[in-house]
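**Q** The following comprises the amino acid sequence and a computationally predicted model.
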Amino acid sequence: MTPNFDTPDHVHRASLHKPKSQAQRAAIGSAVGAVVDWYDFLLYGIVAALVFNTAFFPKVSPTMGTLAAFATFGVGFLFRPLGGIVFGHYGDRLGRKRMLVLTVMLMGLSTVAIGLLPTFATIGWWAPVLLVTMRAVQGFAVGGEWGGAALMAVESAPKGNKAFYSSGVQVGYGVGLVLATGFVSLLSHGLGDASFRAWGWRLPFVFSIVLVAIGLWVRSSMDESSEFVETVEHRHRKVKLPVIEALTRHPKAFAYIVALRLAELFSMYIVTAFALSYSTANLGMSRDLFLNIGLLVGALSCVTIPCFAWLADRFGLKRIYLIGAAIGLASAVPFFVALEARATVWIVIFSVLLANVAHDMVVSVQQPLFTELFGAEYRYSGAGVGYQFASVVGGGFTPFIAVALTTLAGGSWHLVAGYLAAGCLFSLIVGARMKPE
């Protein structure tokens, strides 16, 4: 099934009438829950780049410790498709709201547990084993998050404003990034390096319990998606195995989602995770620069993503998407040239181009585009599993692959720049070749 990706509304079925208040509550609930889940998930990547290589893998070389820390980062992505399958199955059969409450609760508890884990110095190799286990639980939880949050917002949004109303799902990523990076940066400055590495890194993980309480309160007050109630519950159109139904009816949709997400995943994780490690370990730069860049791009995304989504509703999803992918392609090499030159101003400029223009343009169209690829009775499974499978292929091991490519190239950035450019180019080609039905 090829998405109708050229028209601003691109909705294949007649849209149900949805009260504006319900649409607003769904948009806010989806966004708030996404903040909680992404804060937890991204916090791990930031701390992994700074602490986990020595706290949990001290018996190996610094390079291997960094690789191991980023490998555990990637484990969370491996479990995201499983979360998409399980939460998608029950979300398509029991409703979106129940699953969204569960994802927030599960993510929060696993994150707090990471903050309480003993390190290698205390319990030896059990420490990294437990760390990997909790990261897997995080991945499982976030695997069910995007599909449910996107569906709740898209299915409740007014016709012609689906990208804008569902943009809060992606804004949640930016807010989560700001909170995670800001908390780590504040503690790093306030406690000093020794105290932060010894125990201060635990505080942002334990703080997650506060965000979870807020997320549960907001999501518990949401109404169930009106389109789910009308199409699935009232018409009794539940399917036995929604993910199998989605795979057999729309196999090409999964390939489209993977291809269209590469530009997004490569650009964000290289800027926010890999560059932090590379700049400190290989270039001797202060970690504060990329912690502050993380704060900047996260804060800007709270404005840029809704703006690009608003433009997409009016001028077409394809146009906004292709511009974003092209900017990512054009910025890949200059970003690393600026990094190698330690040119702070240019590093910031190209970080913003990659993370706030290229990335944010691409993600601003994803909610309506991906969810409308599937029927309502198996949409949570189809869109959710496709989205999370793409996260494994293009996101989870991107920092790990980037470190490995750097090591292979003797510390040079050229292979990583090529990796980033290739991902953006592939997304650009696939997006340009896709035709409306």
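**A** Arrived safely. Numbers count the residues shown, from 1 in each chain.

**Q** C-alpha from now on. contacts and neighbour counts both.
**A** Noted.

**Q** show me the contacts for the nearest residue to residue 126 once chain neighbours are set aside.
**A** Of all residues not flanking residue 126 in the chain, residue 120 sits nearest, at 7.4 Å (Cα to Cα, 6 or more residues apart in numbering). Going by Cα atoms under 8 Å, 6 or more residues apart in numbering, residue 120 touches 55, 56, 57, 58, 126, 127, 128.

**Q** tell me the secondary structure for the third one?
**A** Under the three-state scheme (DSSP: H, G, I helix; E, B strand; the rest coil), residue 57 adopts coil.

**Q** Was I right to think residue 174 contacts residue 301?
**A** Yes - the pair residue 174 / residue 301 is scored as a contact, 5.6 Å apart, by Cα atoms under 8 Å.

**Q** So what's the residue count around the residue nearest to residue 392 when sequence neighbours are not counted?
**A** The shortest distance from residue 392 to any residue other than its chain neighbours is 5.1 Å, reached at residue 77 (Cα to Cα, 6+ apart). Here the number of neighbours of residue 77 (other Cα atoms under 10 Å) works out to 29.

**Q** what about residue 77, which SS state?
**A** Of the three states, residue 77 takes helix under three-state DSSP.

**Q** my guess is it meets residue 395, correct?
**A** Yes - here residue 77 reaches residue 395: they are 7.5 Å apart, a contact under Cα under 8 Å.

**Q** what sits against the most centrally placed residue in the chain?
**A** The central residue of the chain, meaning the one whose C-alpha is nearest the mean C-alpha position (Cα atoms, centre = their mean), is residue 173 at 6.2 Å. Remark: with contacts taken as Cα under 8 Å, 6+ apart, residue 173 is in contact with 34, 35, 38, 39, 298.

**Q** List the buried residues for the one helix or strand it maps to?
**A** Element membership of residue 173 [criterion: DSSP states H and E] is helix 168-191. Using 16 or more other Cα atoms under 10 Å as the test for burial, helix 168-191 gives 168-185, 187-188.

**Q** for whichever strand or helix holds residue 318, packing partners?
**A** Remark: residue 318 resides in helix 317-340, with elements defined by DSSP H and E. The helices and strands touching helix 317-340, judged by 3 or more Cα pairs under 8 Å, 6 or more residues apart in numbering; DSSP states H and E, are helix 251-269, helix 287-315, helix 344-352, helix 359-363, helix 414-433.

**Q** any idea which of these is most buried?
**A** Comparing the helices and strands packed on helix 317-340 by mean neighbour count (mean count of other Cα atoms under 10 Å), helix 359-363 ranks first with a mean of 30.

**Q** Show the average pLDDT along that helix.
**A** Over the span of helix 359-363, the pLDDT mean works out to 95.

**Q** So what touches the helix or strand following that helix?
**A** Downstream of helix 359-363, the first helix or strand assigned by DSSP H and E is helix 366-371. In this structure, residues lying in contact with helix 366-371 by Cα under 8 Å, 6+ apart are 3, 5, 10, 147, 150-151, 154, 162-163, 166-167, 257, 317, 379-380, 382-383.

**Q** What of stretch 102-113?
**A** With Cα under 8 Å, 6+ apart as the contact definition, stretch 102-113 has outside contacts at 33, 36-37, 40, 134-135, 137-138, 141-142, 144-145, 205-209, 211-212, 215-216.

**Q** Among those, which are located in strands?
**A** Counted as lying in strands by DSSP state E, out of the contacts of stretch 102-113, is not a single one.

**Q** Mind checking which of these are buried?
**A** The neighbour-count criterion (16+ other Cα under 10 Å) marks 33, 36-37, 40, 134-135, 137-138, 141-142, 144-145, 205-209, 211-212, 215-216 among those as buried.

**Q** would JSON lines of the helices and strands packed on helix 317-340 with distance to residue 201 be doable?
**A** Formatted as JSON lines, the entries for the helices and strands packed on helix 317-340 read as follows, by distance: least, Cα to Cα, whole Å:
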{"stretch": "helix 251-269", "distance to residue 201": "21"}
{"stretch": "helix 287-315", "distance to residue 201": "14"}
{"stretch": "helix 344-352", "distance to residue 201": "25"}
{"stretch": "helix 359-363", "distance to residue 201": "28"}
{"stretch": "helix 414-433", "distance to residue 201": "29"}
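
**Q** These: which one's closest to residue 116?
**A** The closest approach between residue 116 and any of the helices and strands packed on helix 317-340, judged by Cα to Cα, belongs to helix 287-315 at 23.4 Å.

**Q** residues contacting the spatially closest residue to residue 268 that is not a sequence neighbour?
**A** Nearest non-adjacent residue to residue 268, counting by Cα to Cα, 6+ apart: residue 355, 5.5 Å away. Counting by Cα under 8 Å, 6+ apart, residue 355 makes contact with 267, 268, 271, 297.

**Q** Kindly recompute the last result at 10 Å.
**A** Residue 355 sits next to 264-272, 293-294, 296-298, 300-301, 324, 328, 361 when contact means Cα atoms under 10 Å, 6 or more residues apart in numbering.

**Q** Beyond the helix or strand of the chain with the lowest mean pLDDT, next helix or strand please.
**A** For the chain, counting by mean pLDDT, DSSP states H and E, helix 226-228 ranks last in confidence among helices and strands (a mean of 66). Next helix or strand after helix 226-228 toward the C-terminus (DSSP H and E): helix 242-249.

**Q** Give me the distance from that following helix to the chain's centre.
**A** When C-alpha coordinates are averaged (Cα atoms, centre = their mean, to the nearest Å), helix 242-249 and its chain have centres 24 Å apart.

**Q** Check stretch 390-405 too.
**A** 13 Å.

**Q** tell me the average confidence for that stretch?
**A** The model assigns stretch 390-405 a mean pLDDT of 79.

**Q** just for the stretch 51-200 of the chain, where's the confidence low?
**A** Residues of the stretch 51-200 of the chain meeting the criterion pLDDT under 70: 59-63, 65, 69-70, 73-74.

**Q** those helices in it, which residues are they?
**A** With DSSP state H, counting those that start in this stretch, the ranges of helices along the stretch 51-200 of the chain come out as 53-55, 62-78, 80-94, 96-116, 120-123, 126-143, 145-156, 162-166, 168-191, 193-195.

**Q** and those helices as TSV, adding distance to residue 351?
**A** Written out in TSV, the entries for the helices of the stretch 51-200 of the chain read as follows (distance: least, Cα to Cα, whole Å):
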stretch	distance to residue 351
helix 53-55	25
helix 62-78	21
helix 80-94	27
helix 96-116	28
helix 120-123	35
helix 126-143	25
helix 145-156	25
helix 162-166	24
helix 168-191	14
helix 193-195	25
